[in-house]
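Asker: got a predicted model here, sequence first, then my questions.
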Number of protein chains: 2
Amino acid sequence: MPKQTFLNLPEEKRNVIINAAIDEFAEYGLENASTNRIVANSGIAKGSFYQYFEDKQDVFMYLLAVLEKEKMEYFKGKHPPSTNMGTFEYFRWIIKTGMEFNTANPRLIQAVSRVLLQEGMYYGKTFEEQRKKSNAALRAMIEQAIQRGEVDPSVDVDLAVMIMETWSNAISAYILQEGMKHKDIMKWVRSAKVQERIDKLLYVMEYGLRKTESDFEKAFQKRKTR
Amino acid sequence: MPKQTFLNLPEEKRNVIINAAIDEFAEYGLENASTNRIVANSGIAKGSFYQYFEDKQDVFMYLLAVLEKEKMEYFKGKHPPSTNMGTFEYFRWIIKTGMEFNTANPRLIQAVSRVLLQEGMYYGKTFEEQRKKSNAALRAMIEQAIQRGEVDPSVDVDLAVMIMETWSNAISAYILQEGMKHKDIMKWVRSAKVQERIDKLLYVMEYGLRKTESDFEKAFQKRKTR
DNA sequence: GTAGAATGTGACCTGCTGGTCACATGACTT
DNA sequence: AAGTCATGTGACCAGCAGGTCACATTCTAC
């Protein structure tokens, strides 16, 4: 975490620095990020950087903390349209609201997800905690769906979590990658075309998951013994 | 592509070099791969490396070519169990046979997929061709499925391709990552547990896709007007 | 044996990296 | 005004990167 010296800085200066860092991580990832470029782009001296942070990983950790805080505040301000949604409807709302947030902070999301989803695999246990958290939330959702009778109790929960995680990441990556090609990414995401695309993807996922395990067993057996 | 000098080398020496390169790319990706380490690990001089290849990207291109050739030969030696399979059954066979090949060459696959799927996004159009090829194959499959009446004609083909691509990559990544934790990756992949997991994932995908577009429209409208 | 081509070699180059540190500047206290 | 402590600075360091090149060795043809 940043040293006190950094937190004492005037807000504007802090923003210049973290924006330079965000751009750097978004462009080069964590491994290839250059502290030299960060200090050059934020107009501070090399020595100052090391007075503010331990190293570049320290900056990144700070970005993670900022993101988490902002995302929580954002979701606190939003409320699901209906109080009695089905689990999948709720999941859809989470994803879409998350995408709204993402497109409002595309560079930060780009930086963070690049590091977490791609480099993260090779960083050992450094970022494992992050994944476990969102994983637990997904697990809770699918278990709720089972309790509510929306999904067959015999469904493989681990598998369902993997499916939801995969699509969550795939959609996020798709939105970022395609959205960056448009000048007004927010407008693009809100367009009927994109919204429908997200809906369809999630619908295909939902329908696959709703199908009961026993249905699968039947089809599976049939195929095996054919 | 490698220079003639490299191709003139005795096979054993060539293998030592490309194995060192594979290990390097698998461990560090393309961007962070070190030619110094490659030459050190393959026991050749720095100068020799540059007599064999233009640069490290040249080596990687060669690996890609080798992989493509070997994979084609492997698939030529295999034949689908039934001559009259459904499209999804065929897709499942392709995926599983592909996984067999992958686990027989885990390091090479690790190296290539790390670069193509992760760094590739930032390499512009260098590796676009690869993706287009496999994409076209998936498209042909889904169009065949429509023709055969296995999938509703109104289904969004682009979306279906994205879904198949996403799962193809996700399963491949899962097998590699988890499989590497086991001493006998081949045995692990062939175990009933893993095979069933792959089956289930593909089954969930299949069932989502089989659902007709018109069913979706209905559900979608209902949700919108609620 | 010898000429000439092909192949092999590692010291050396420049440029960038993350990180340090002796010193300069500013701000606040007494 | 003097003293003190936080903040700011950039030249400097060692290490590694990709890449080159003059020279050594080996192979081939005659």
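Answerer: Received the coordinates, thanks.

Asker: what's near enough to touch A:Ile142?
Answerer: Taking CB atoms under 8 Å, 6 or more residues apart in numbering or on different chains, we find A:Ile142 in contact with A:87, A:151, A:155, A:157, A:160-161, A:164. The way it works is simple: take the backbone N, C-alpha and C, and place the C-beta from them, glycine included.

Asker: try it again with 7 Å
Answerer: By CB atoms under 7 Å, 6 or more residues apart in numbering or on different chains, A:Ile142 lies in contact with A:151, A:157, A:160-161.

Asker: that one and A:Asp152, how far apart?
Answerer: Distance check for A:Ile142 against A:Asp152: by CB to CB, to the nearest Å, it reads 11 Å.

Asker: pLDDT-wise, which helix or strand of chain A ranks last?
Answerer: Every helix and strand in chain A was compared by mean pLDDT, DSSP states H and E; the lowest is helix A:213-225, with a mean of 55.

Asker: can you give me the buried ones in stretch A:90-107?
Answerer: The neighbour-count check on stretch A:90-107 (16 or more other CB atoms under 10 Å in any protein chain shown) flags A:90-96, A:98-99, A:101-103, A:105-106 as buried.

Asker: what mean pLDDT does it get?
Answerer: For stretch A:90-107, the mean per-residue pLDDT is 97.

Asker: how many residues are close by A:Asp55?
Answerer: 10 (other CB atoms under 10 Å in any protein chain shown).

Asker: please read the previous query as pertaining to A:Lys132.
Answerer: Burial of A:Lys132 is recorded as 10 neighbouring residues (other CB under 10 Å).

Asker: picking up where we left off before, sort out for me which of the buried residues of stretch A:90-107 are in helices.
Answerer: Judged by DSSP state H, the buried residues of stretch A:90-107 include A:90-96, A:98-99, A:101-103, A:106 as members of helices.

Asker: those residues into CSV, with extra columns for distance to chain B?
Answerer: CSV is the format used below for those (distance: CB to the nearest CB, whole Å):
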residue, distance to chain B
A:Tyr90, 12
A:Phe91, 13
A:Arg92, 9
A:Trp93, 11
A:Ile94, 15
A:Ile95, 14
A:Lys96, 12
A:Gly98, 18
A:Met99, 16
A:Phe101, 22
A:Asn102, 17
A:Thr103, 18
A:Pro106, 15
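
Asker: between those, which sits nearest DNA strand C?
Answerer: DNA strand C lies nearest to A:Pro106 out of those, by CB to the nearest atom of the strand, at 23.5 Å.

Asker: from A:Asn102, how far off is the closest residue in space to the closest one that isn't next to it in sequence?
Answerer: Spatial nearest neighbour of A:Pro106, excluding adjacent residues (CB to CB, 6 or more residues apart in numbering or on different chains): A:Ile185 at 5.9 Å. Going from A:Ile185 to A:Asn102 by CB to CB gives 9 Å.

Asker: same check, this time on A:Gln4
Answerer: A:Gln4 is 31 Å from A:Asn102, by CB to CB.

Asker: is the helix or strand in which A:Asp58 is found anywhere near DNA strand D?
Answerer: For A:Asp58, the enclosing helix or strand under DSSP states H and E is helix A:56-77. No. Helix A:56-77 does not reach DNA strand D (CB under 7 Å from any atom of the strand); its nearest approach is 14.9 Å.

Asker: which residues of chain A fall in helices?
Answerer: Under DSSP H, chain A gives helices at A:4-8, A:11-28, A:35-42, A:46-52, A:56-77, A:87-104, A:106-113, A:128-147, A:157-179, A:185-190, A:192-210, A:213-225.

Asker: for the fourth one, enumerate the helices and strands it packs against.
Answerer: Contact here means 3 or more CB pairs under 7 Å, 6 or more residues apart in numbering or on different chains; DSSP states H and E; on that basis helix A:46-52 packs against helix A:4-8, helix A:35-42.

Asker: those into a markdown table, with extra columns for distance to B:Asp199, mean pLDDT and mean neighbour count?
Answerer: Below are those laid out as a markdown table (distance: least, CB to CB, whole Å; pLDDT from 0 to 100; neighbours: other CB atoms under 10 Å in any protein chain shown):
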| stretch | distance to B:Asp199 | mean pLDDT | mean neighbour count |
| --- | --- | --- | --- |
| helix A:4-8 | 52 | 95 | 12 |
| helix A:35-42 | 48 | 98 | 16 |
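
Asker: closest one to DNA strand C among these?
Answerer: Nearest of the helices and strands packed on helix A:46-52 (CB to the nearest atom of the strand): helix A:35-42, 3.6 Å.
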